[in-house]
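# Generate a structure from the sequence data that follows.
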Amino acid sequence: MIELYHNDMSVCAQKVRLVLAYKQLPYNSVHLNLRAGEQFTPEFLKINPKAVIPVLVDDGSIITESNVICYYLEEVFAQAPLMPEDPVKRAELRVWLTRLDAGLHEKIAVISFCLAFRQQILKRYTTDDALESFLANIPDPARATLMRDMVTNGMSSPRLNLAIYAYKKLLKDLARALENNHWIMGSGISLVDFAFVPYIERLEQLQLKSMWADYPQIDEWLTRMRTTDAYKVAILEWHNPEYIQLMASAEKLSVLD
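The predicted structure follows:
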């Protein structure tokens, strides 16, 4: 059976769980508490030395990176296909997903930590030494530097405005794609819809829904996504009330200036 190392509220993990649910693929769940540092245990580092989730293990083969995992599931399990047959449309789909890897994923982390999640870390690691010990466990120096900036600077981080700008651009592009379509790719629900819904929902949870106030088609798309069985199984059933409340009380940010 497939084994999935994941976290309840991780947008990357949500994306993979959505694909697994849509294809009705059973899996053995290994949930990691990221705030407690379970991704840094020697056991998990043997599976993924980068200390990040999700990780999918299929018949002993370890697959990392959420987009790569989604492509793998699409290629290995033919049921309920989530990619168009037309090569040009497949290329278009890959461009959408590449945007996440090319910066949008890091930027949702910036927004999330600067507005809300930093509070959890500051409460857990209450001294400079304790915080530095936590940061020292992060294998990638670039990720450690990013985390230090988000946690210590919060809304003063220069990365925050850049992240908001990038998501304003994404929302404009999504609105254009959805203007006359029910799904982002137009022809039907696809990997793109499942890849992006966790990120847009995260903005909503962070009280940033005003970012798409001029794009009612995005709310309509969100409603359609939330009526799918995949959403109910992969996201709704994994909602963590503590995190939802934390994001609901996020520091307020004017995004329309």
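# going forward, measure contacts and count neighbours with C-alpha atoms only.
OK.
# Give me the local confidence score for the closest residue in space to Met150 that isn't next to it in sequence.
Using CA to CA, 6 or more residues apart in numbering and skipping residues adjacent in sequence, the residue nearest Met150 is Cys114, 5.3 Å away. Predicted confidence (pLDDT) for Cys114: 91.
# can you count the residues close to Cys114?
25 (other CA atoms under 10 Å).
# try Tyr243
Neighbours of Tyr243 under the rule other CA under 10 Å: 16.
# how far is whatever helix or strand it lives in from where the chain is centred?
Using DSSP states H and E, Tyr243 maps to helix 241-248. Chain-centre distance of helix 241-248: 16 Å, with CA atoms, centre = their mean, to the nearest Å.
# So which bits of that helix are buried?
Using 16 or more other CA atoms under 10 Å as the test for burial, helix 241-248 gives Tyr243, Leu246, Met247, Ala248.
# ok, now stretch 225-234?
Met225, Ala230, Tyr231, Lys232, Ala234.
# Over to stretch 12-28?
12-23, 27.
# wait, what's in contact with His206?
That one is not His; residue 206 is Leu. Ser112, Leu115, Ala116, Met247, Ala248, Ser249, Ala250 (CA atoms under 8 Å, 6 or more residues apart in numbering).
# can we see that at 6 Å?
Met247, Ala248 (CA atoms under 6 Å, 6 or more residues apart in numbering).
# picking up where we left off before, is it true that the residue nearest to Met150 lies in a strand?
No. Under DSSP: H, G, I helix; E, B strand; the rest coil, Cys114 sits outside any strand and is assigned helix.
# circling back to that earlier point, mind picking the two most distant members of the buried residues of stretch 225-234?
Met225 and Ala234 (11.6 Å; CA to CA).
# chain center to stretch 176-188: distance?
With CA atoms, centre = their mean, you get 21 Å for stretch 176-188.
# before we move on, back to that, would you turn the buried residues of helix 241-248 into JSON lines with distance to Pro84?
JSON lines is the format used below for the buried residues of helix 241-248 (distance: CA to CA, whole Å):
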{"residue": "Tyr243", "distance to Pro84": "35"}
{"residue": "Leu246", "distance to Pro84": "38"}
{"residue": "Met247", "distance to Pro84": "35"}
{"residue": "Ala248", "distance to Pro84": "37"}
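# in the protein, which spans are strands?
Counting by DSSP state E, the segments of the chain that form strands are 2-6, 27-31, 55-58, 61-64.
# Same list, these, but as a markdown table with mean pLDDT and distance to Ala91 please.
Below are the strands of the chain laid out as a markdown table (pLDDT from 0 to 100; distance: least, CA to CA, whole Å):
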| stretch | mean pLDDT | distance to Ala91 |
| --- | --- | --- |
| strand 2-6 | 98 | 27 |
| strand 27-31 | 98 | 29 |
| strand 55-58 | 98 | 24 |
| strand 61-64 | 98 | 21 |
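# wait, which of these is closest to Asp214?
Of all the strands of the chain, strand 2-6 comes closest under CA to CA, at 34.3 Å.
# The residue nearest to Met150 and Asp149 touch, don't they?
No. With contact defined as CA atoms under 6 Å, Cys114 does not count as touching Asp149 (8.8 Å).
# measure Ala130 to Gln14 for me?
Distance, Ala130 to Gln14, by CA to CA, to the nearest Å: 30 Å.
# Equivalent analysis for Ala102, please.
For Ala102, the distance to Gln14 - CA to CA - is 19 Å.
# and if you look at Leu162?
Separation of Leu162 from Gln14 (CA to CA) stands at 24 Å.
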